[in-house]
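1. the amino acid sequence is not available; the structure is as follows:
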């Protein structure tokens, strides 16, 4: 009899529905038992985390309203246990430094099997 690992909860934050669908499908292909919720902006993400704490979060940077890095900072200040990966097409050094300073990592878009594998690897070992 194998021990069941507790089901992981993942919050996907991206203003692009296509990106959210891609991330969801890639992750469910690897982890079909994960419970996934989605948010289209940083404000919604913060509210969702407060309401139902996820284990993991993928966060886009450029969204309407507050940026993904600001949302990440707010989430981690209240919920330091959440492991967050920032996905961005914008991988300037300043964003990478900000991600590191927040204790997260930055994975470049577009969302591909490779970028998802990097993100999952980081989350598994974070």
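-> Good, I have the coordinates. No experiment lies behind these values; they were computed from the predicted model shown. Numbering: from 1, shown residues only.
2. name the residues of the helix or strand bottoming out on mean pLDDT in the chain that come out as buried.
-> In the chain, no helix or strand scores lower on mean pLDDT, DSSP states H and E than helix 93-102, which sits at a mean of 90. For helix 93-102, burial by neighbour count (16 or more other CB atoms under 10 Å) applies to 95, 98, 99, 102. For every residue, glycine as well, the C-beta is placed using N, CA and C.
3. which outside residues touch the next helix-or-strand element following it?
-> Downstream of helix 93-102, the first helix or strand assigned by DSSP states H and E is strand 105-108. The contact list for strand 105-108 (CB atoms under 8 Å, 6 or more residues apart in numbering) reads 85-89, 91, 95-96, 99-100, 115, 118-119, 122, 126.
4. how about 6 Å then?
-> Strand 105-108 is contacted from outside by 85, 86, 87, 91, 95, 96, 99, 115, 118, 119, 122, using CB atoms under 6 Å, 6 or more residues apart in numbering.
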